[in-house]
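Chemist: structure for the following, please:
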Amino acid sequence: MKILIAGSSGAIGQPLVDLLISEGHDVYGITQSKERAKILEAKKAKPLILDVLDGEAVLNTVKNIRPDVVIDMLTRLPKEYTPESMRQYAEIDAKLRLEGGAHLHKAAETCGVSRFIAQSSAFWYAPGHGLADEKTPLAFEASPGIASGVQVYDQIEQRALRSKKMEGVALRFGFFYGPRTWFYPGEDVANQIQQQKFPIIGKGEGIWNFVHIEDAAKAVVSALKSQPGIYNIVNDQPSAMSRWLPAFAKYLKAPLPLTISEAEGLKTSGADSVYYATKLRAASNTKAKHELQFKPRPLEWLSV
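Modeler: Have a look, this model is predicted:
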């Protein structure tokens, strides 16, 4: 199968390329960096240095390749996971996902691509009781930054799923952890925890959904032949911030995290951070397990 990946050299893109190559697929990877193009070449993929915001260039590229499947894993996120850095990157990230993704999707439709797989989010469900499934509404009325992000993901999903010319799959991932992610020893969140700069806010009752980056990549591969639709790609251990954060600190051999009030969190970190800490809802992976044969590993720091 001939597969084109946008975001091929990112945290999920690299293990995804490895898996697809190992299964004998012909893989083309879009990147904007010559250095990252070398990474793709070393993995036996065919790198394409391309600006996805250039619609004509995207169309010509897809015309030349004629892939069977296009995978949109476009993101532009900071190396530092802080309220300020996330605000700074929000606009360019949204532009890349919406405009760049739209160019990619339009080109795929024009060129007769059979399936389009898009990245979405499983941690922004509307608050409520129990596990959220794929039919649960998203958090359109959350804090400003999160509500804006929900709008972006909703547009991405609707674009993929409402196409009349090709099949669409939207994969709602939990927080990535593992190599090249924020939640990994030596990376940003881990470093903040080492320095006690990543506190529990309020009671820390917000439920976080995690997924290892390699398990997420396996789910993408399974989605090549799955039924079209939406899938939550999260592990089996959704956990409150008050549970996972001290456990991660222990795993890192770091000091226990500080606890601050919601009022202090609003003042120092903003409304989005308070929402993450207090209102996130757990998601169910039942559908992915049944239809994608998804088998996530235990969350390492809760299993020690």
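Chemist: how many residues are close by N64?
Modeler: By other Cβ atoms under 10 Å, the residues close to N64 number 10. Using the backbone N, CA and C atoms, a C-beta is placed for each residue, glycine as well.
Chemist: angles on the backbone of it, please.
Modeler: Note on N64: backbone dihedrals following degrees, to the nearest 10 are phi -70, psi -40.
Chemist: one more: I146?
Modeler: Note on I146: backbone dihedrals following degrees, to the nearest 10 are phi -70, psi -40.
Chemist: from memory it sits against Y275, does it?
Modeler: Yes: with contact defined as Cβ atoms under 8 Å, I146 counts as touching Y275 (5.6 Å).
Chemist: which outside residues touch stretch 137-150?
Modeler: Identification of contacts with stretch 137-150 by Cβ atoms under 8 Å, 6 or more residues apart in numbering yields 86-87, 90, 94, 121, 124-127, 151, 153-154, 270-272, 274-276, 279, 281.
Chemist: show me the contacts for S226.
Modeler: Going by Cβ under 8 Å, 6+ apart, the list of residues near S226 reads 169, 291-292.
Chemist: strands - which of the residues you listed land there?
Modeler: Members of these lying in strands (criterion: DSSP state E): V169.
Chemist: beta-bridge partners for the residue most central in space within the chain, please?
Modeler: Nearest to the geometric centre of the chain sits F173, at 5.0 Å (Cα atoms, centre = their mean). Per DSSP bridges, the residues bridged to F173 are S121, I233.
Chemist: isn't N209 up against A288?
Modeler: No: N209 is beyond contact range of A288, at 11.8 Å (criterion: Cβ under 8 Å).
Chemist: joint contacts of these two?
Modeler: With contacts taken as Cβ under 8 Å, 6+ apart, N209 and A288 have N232 as neighbours in common.
Chemist: ok, and the closest non-adjacent residue to I156?
Modeler: Leaving aside its chain neighbours, I156 sits nearest to A118 (5.3 Å; criterion: Cβ to Cβ, 6 or more residues apart in numbering).
Chemist: so that neighbour touches G100, yeah?
Modeler: No: the pair A118 / G100 is not scored as a contact, 11.8 Å apart, by Cβ under 8 Å.
Chemist: more neighbours: these two, which one.
Modeler: A118 (27 against 23).
Chemist: so that one versus K106, what's the distance?
Modeler: Distance, A118 to K106, by Cβ to Cβ, to the nearest Å: 13 Å.
Chemist: touching both of the two, which residues are there?
Modeler: The contact sets of A118 and K106 do not overlap (Cβ under 8 Å, 6+ apart).
Chemist: low-scoring stretches of the stretch 151-300 of the chain, by residue?
Modeler: Applying pLDDT under 70 to the stretch 151-300 of the chain picks out no residues at all.
Chemist: format the CA atom coordinates belonging to stretch 234-247 as PDB.
Modeler: Output of stretch 234-247 as PDB, limited to C-alpha atoms (Å, rounded to 0.1, in the frame of the first residue of the first chain):
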ATOM      1  CA  VAL A 234      -6.300   5.800  25.200                       C
ATOM      2  CA  ASN A 235      -4.900   3.200  27.700                       C
ATOM      3  CA  ASP A 236      -6.800   1.300  30.300                       C
ATOM      4  CA  GLN A 237      -5.800   3.500  33.200                       C
ATOM      5  CA  PRO A 238      -7.400   7.000  33.100                       C
ATOM      6  CA  SER A 239      -6.300   8.600  36.300                       C
ATOM      7  CA  ALA A 240      -6.900  11.700  38.300                       C
ATOM      8  CA  MET A 241      -4.100  14.300  38.400                       C
ATOM      9  CA  SER A 242      -3.900  13.700  42.200                       C
ATOM     10  CA  ARG A 243      -3.000  10.100  41.400                       C
ATOM     11  CA  TRP A 244      -0.800  10.100  38.200                       C
ATOM     12  CA  LEU A 245       1.300  13.100  39.100                       C
ATOM     13  CA  PRO A 246       2.700  11.900  42.400                       C
ATOM     14  CA  ALA A 247       3.200   8.500  40.800                       C
END
